[in-house]
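[1] I'd like to go over a predicted model; first the sequence, then the structure.
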Amino acid sequence: MTMYQPQSNNDMRRAVVSAIHEHWLLFLIEGIVLVLLGAAAIVVPVIATLAFTLLIGWLFLISGIVGLVTTFWMRNAPGFWWSLVSGIIGIAAGIVLIRWPISGTVSLTLLLIAFFIVEGGHRHADVRI
């Protein structure tokens, strides 16, 4: 399988400039949409937070399902039990976040608080040595 690879920085620069020139309108529209979505998230943070929690829930659910499928597909691979437990936890976390997004938001917030406290304390302990 052969891929085109530019020979120099000038070739790469020309390729980037050409792509931007050809698709500038799409980049502009994407930028405007992202700015509007960001502004909406600032104006209505509750809806943005719930949407983010649901997105994370679906990511956990899908990754857990895919993890279980691949675990059973390659059941002779090392780490079978860990992969099995990881897939089940991913599915459970996804279901909880999708089914109860407000509680999930609080749980995710508390988890991040705990993470930052532990990480901050860990960094502080490293500096004091």
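    Thanks, I have it. Please read these numbers as outputs of a predicted model, since none were measured by experiment.

[2] which residues does Ile88 contact?
    Residues near Ile88 by CB atoms under 8 Å, 6 or more residues apart in numbering: 64, 68. In short, each C-beta sits where N, CA and C put it, glycine included.

[3] pLDDT score assigned to it?
    Ile88 carries a pLDDT value of 95.

[4] same deal with Ala15?
    For Ala15, the pLDDT comes out at 88.

[5] other SSEs contacting the helix or strand containing it?
    Here Ala15, judged by DSSP states H and E, is contained in helix 9-22. Contacting helix 9-22 under the criterion 3 or more CB pairs under 8 Å, 6 or more residues apart in numbering; DSSP states H and E is no other helix or strand.

[6] how about Gly79, phi and psi?
    phi 80, psi 20 (degrees, to the nearest 10).

[7] Give me the next element, helix or strand, following the helix holding Ala15.
    Of the helices and strands lying after helix 9-22 in sequence (DSSP H and E), the nearest is helix 24-43.

[8] quick one: average pLDDT of that following helix?
    The model assigns helix 24-43 a mean pLDDT of 94.

[9] picking that back up, roughly how far is the helix holding Ala15 from the heart of the chain?
    Chain-centre distance of helix 9-22: 29 Å, with CA atoms, centre = their mean, to the nearest Å.

[10] do the same with stretch 8-24
    With CA atoms, centre = their mean, you get 29 Å for stretch 8-24.

[11] quick one: Thr53 from Ala19, how far?
    With distances taken as CB to CB, to the nearest Å, Thr53 is found 35 Å from Ala19.

[12] Please say which of the two ends up with more neighbours.
    Thr53 (22 against 11; other CB atoms under 10 Å).

[13] Let me see the contact set for the more buried one.
    Thr53 makes contact with 97, 101, 104-105, 108, according to CB under 8 Å, 6+ apart.
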